[in-house]
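> Quick one: sequence and predicted model below, then my questions.
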Amino acid sequence: MSKQAKIAQQFARQLFKLSVADGAVSAERVGGVLAYVEKNRPANPVMVLRAYHRLVATELAKSVAVVEHAGVVDDALLATIAASMSKKYGRPVAASGRPNASLLAGLRVRVGDDVYESSVAGQLSALASAV
Amino acid sequence: MSTVLEQIEQQIAKLSSKAVKKNTGNIRTVADGVAKIDGLSDVMYNEMVQFPGNAIGIALNLEEDEVGCVILGDISQLKEGDEVTTTGKLLSVPVGKALLGRTVDALGNPVDGKGPLDAKEFYPVEKIAPGIIVRKSVSQPLFTGIMAIDSMIPIGRGQRELIIGDRGTGKTTITIDTIINQAKINKVGIASKDPNFRPVYSIYVAVGQKNSNIVRTLSALEAAGALEFTVIVAAPAADNPANQYLAPYSGAAIGEWFMENGMDALIVYDDLSKHAVAYRQISLILKRPSGREAYPGDVFYLHSRLLERAARLDGKGSLTALPIIETLAGDVSAYIPTNVISITDGQIFLETDLFNQGIRPAVSVGLSVSRVGSAAQIKATKQVGGKLKGELAQFRELAAFAQFGSDLDAKTKAQLDRGGRIVELFKQPAFAPQPIELQVSVLFAMQKGFFDPIEIRKVVDAATSMKSFFTTRKDALLTEIRTKAALDKDLEAKLQAACEEWKSSYSA
């Protein structure tokens, strides 16, 4: 990593810390941070904002359970998954459905870096790698 | 009955529908066998991670917002954005007797075309070395079959003895001789059905070597019938640096299995200079801070944690390590040589000048040392070879001094003659290790002056004749020396008589 990239990364991290309120990213604070950056342009604004974007996106992904499904998933099931994940991670997690026919059947739930695999496609690939 | 079946079916249904949790990340960059990954928030240091296309990696750099992994396997199919998952496992290699006679890569996969391995157990590649309490001092000899080493720089089971020298001075040959000698001893010991006999299994780790050299070593071991007691771990020069970095640790894991299961093993790291270079390459790509000669700060720990795994364990077996270091222009004070010298329990230094003078093995007696000393020698060797190192040192000093003058007193001349004969006696062809009982017999003859009337240039022939005389006609005497391992009055008399008999039959 070049020195410029390192400085941009450090600055983005500071901005990210300012964007978090009560353990979650606050839209209001993000707006404030963006306004500040526009007013006081840092040395490498694109680099800083890209790094900031990545940090915010990573944090936001932790609060959303992306439910990939091959069949039909109703709102009640999504609410159950959201409640279960909120309990597991100790923070509010919202669930959003995303159809994915390649799963064949079953679900795949992604919360941040964690993936809960219970799809047929996942089981088949696990079986294939085990054989 | 049907309810029972339903219960089982329900259980199966429950199990098969259970969600599996995986921690994932995405490749940000891939270059030179190293991937930078976003995510993998649960990854542990040294954990195996799964890349697409069956390539695996090891997490070596855990940074605030990315993970640096070295990739083992084919990286040509990997691209930015590919998903990577943690496995929750440390890198392990197959271990056990099923590996004997086989050649495997750094991950324990067979590369010799002899089919899959039938290994039942796996050992982690990285393991903490045995502690103080479980260790036992080194006191059992490990015979190399090389007279100059066994008599003056003895190696014990559980010892770490460095073999150091310039390129082409016979470093690998010494280790191959040692492996062949172990196989010979094993065959004799197993045939004798002695319940106290402990065979020594060998592991040869080739790091960054040419494939042709590895094949040559393999052929030498096969020709000598030593392959059946040997495991070869190959990470040749064409392999990626990650495999070259891992190969010694994989070899150590294979050796540890023998040690933990009450057996003795010998491991050769050929060589650790190239291992350090491979590690430097990985570290620089991982952007770790570099220090002296661009090696990373933990290059000492790289070798110390590897060599500390060689030990003699109380109530179990032992693992003896023979690391090899290649020097440049005989410079033993370079960074990596001094590091490894300080870690090991002694070194065998091979000199280019001696090699070019035809003194092979080119062991420099002055610079070579075994810190275990005579504790790793049988009594018979101590009796006949105890003063050899001193005599040779005196010889070298006098020989240097004698160059300036022609008039020498009788005592000095006798010392020079004797030294010259010892040097000749220690000459030994490659891949022909000598059993210890034969070494004792020849050294006994030297000590008693049987070689004194022979011209110095004919000492090698005379020694060959004596060895052939002992092996063909005095087999019972050799067996007695081997079993007693010490020379009592009776044995000395028998040896004296045998030497007299040889002397009367030998004509120079």
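Right, received. Where do you want to start? Numbers count the residues shown, from 1 in each chain, chains lettered A, B, ... in the order given.
> Could you use CA atoms for every contact and neighbour count after this?
Fine.
> what about residue B:262, distance to chain A?
Counting by Cα to the nearest Cα, to the nearest Å, the gap from residue B:262 to chain A is 33 Å.
> Now do the contacts for that residue.
The contact partners of residue B:262, taken as Cα atoms under 8 Å, 6 or more residues apart in numbering or on different chains, are B:315-318.
> pLDDT and neighbour count for the residues you listed - can I get that in TSV?
Formatted as TSV, the contacts of residue B:262 follow (pLDDT from 0 to 100; neighbours: other Cα atoms under 10 Å in any protein chain shown):
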residue	pLDDT	neighbour count
B:315	93	12
B:316	95	16
B:317	96	22
B:318	97	33
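> Now for those residues: which two are most distant?
Using Cα to Cα, those span at most 9.8 Å, a distance reached by B:315 and B:318.
> C-terminal to the helix or strand of chain B with the lowest mean pLDDT, what's the next element?
Sorting the helices and strands of chain B by mean pLDDT, DSSP states H and E puts helix B:2-16 at the bottom, at a mean of 67. Using DSSP states H and E, the helix or strand that follows helix B:2-16 in sequence is strand B:20-31.
> Can you list the helices and strands that that next one packs against?
In terms of contacts (3 or more Cα pairs under 8 Å, 6 or more residues apart in numbering or on different chains; DSSP states H and E), strand B:20-31 is packed against strand A:114-119, strand B:34-39, strand B:83-90.
> In three-state terms, label the closest residue to chain A within the stretch 151-300 of chain B for me.
Closest approach between the stretch 151-300 of chain B and chain A, counting by Cα to the nearest Cα: residue B:287, at 7.8 Å. Classification of residue B:287 using DSSP: H, G, I helix; E, B strand; the rest coil returns coil.
> What parts of the stretch 151-300 of chain B come near chain A?
Residues of the stretch 151-300 of chain B found near chain A (Cα under 8 Å from any Cα of the partner chain) are residue B:287.
> ranges for the strands of the stretch 151-300 of chain B?
Here the stretch 151-300 of chain B has its strands, by DSSP state E, counting those that start in this stretch, at B:162-165, B:200-207, B:230-235, B:264-270.
> Against which helices or strands is the first one packed?
Put plainly, it is strand B:162-165. Taking 3+ Cα pairs under 8 Å, 6+ apart as contact, the helices and strands that strand B:162-165 lies on are helix B:171-192, strand B:318-326, helix B:335-343, strand B:346-350.
> highest average neighbour count across these?
Ranked by mean neighbour count under mean count of other Cα atoms under 10 Å in any protein chain shown, those are led by strand B:318-326, which reaches a mean of 28.
> quick one, that strand and helix B:335-343 angle?
Here strand B:318-326 runs at an angle of 150 degrees relative to helix B:335-343 (axes from the mean of the first three to the mean of the last three Cα atoms, to 10 degrees).
> residues making contact with strand B:318-326?
Contacts of strand B:318-326 (Cα under 8 Å, 6+ apart): B:156-167, B:171-172, B:175, B:255-256, B:258-260, B:262-273, B:307, B:309-312, B:337.
> Please state the offset of that strand from the chain centre?
Its chain's C-alpha centre and that of strand B:318-326 lie 4 Å apart, by Cα atoms, centre = their mean, to the nearest Å.
> Report the contact partners of residue B:268.
Contacts of residue B:268 (Cα under 8 Å, 6+ apart): B:175, B:202-205, B:321-324.
> what's across from it in the sheet?
Counting by DSSP bridges, residue B:268 forms beta bridges with residue B:204, residue B:322.
> Tell me which of the helices and strands packed on strand B:20-31 lies nearest to residue B:22.
Distance to residue B:22, taken as Cα to Cα, is lowest for strand A:114-119 among the helices and strands packed on strand B:20-31, at 5.1 Å.
> What strands flank the closest one, and is each parallel or antiparallel?
Assessed with DSSP bridges, strand A:114-119 is paired to strand A:106-111 (antiparallel), strand B:20-31 (antiparallel).
> what's the helix or strand for the nearest residue to residue B:440 once chain neighbours are set aside?
Excluding its sequence neighbours, the residue lying closest to residue B:440 (Cα to Cα, 6 or more residues apart in numbering or on different chains) is residue B:381, at 5.9 Å. Here residue B:381 sits within helix B:379-385, counting by DSSP H and E.
> Next, work out how far apart residue A:81 and residue A:103 are.
18 Å (Cα to Cα, to the nearest Å).
> and the helices and strands packed on strand B:20-31 as a markdown table, adding mean neighbour count, distance to residue B:401 and mean pLDDT?
Below are those laid out as a markdown table (neighbours: other Cα atoms under 10 Å in any protein chain shown; distance: least, Cα to Cα, whole Å; pLDDT from 0 to 100):
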| stretch | mean neighbour count | distance to residue B:401 | mean pLDDT |
| --- | --- | --- | --- |
| strand A:114-119 | 21 | 77 | 90 |
| strand B:34-39 | 24 | 58 | 92 |
| strand B:83-90 | 18 | 60 | 93 |
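> Go through these and name the closest to residue A:92.
Nearest to residue A:92, of all the helices and strands packed on strand B:20-31, is strand A:114-119, at 15.8 Å by Cα to Cα.
> Can you tell me the closest non-neighbouring residue to residue A:9?
residue A:51 is the one closest to residue A:9 (Cα to Cα, 6+ apart), at 6.0 Å.
> wait, isn't residue B:169 in contact with residue B:348?
No: in this structure, residue B:169 is not within contact of residue B:348 by Cα atoms under 8 Å, at 11.6 Å.
> Need the residues touching each of those two.
Counting by Cα under 8 Å, 6+ apart, residue B:169 and residue B:348 have no shared contacts at all.
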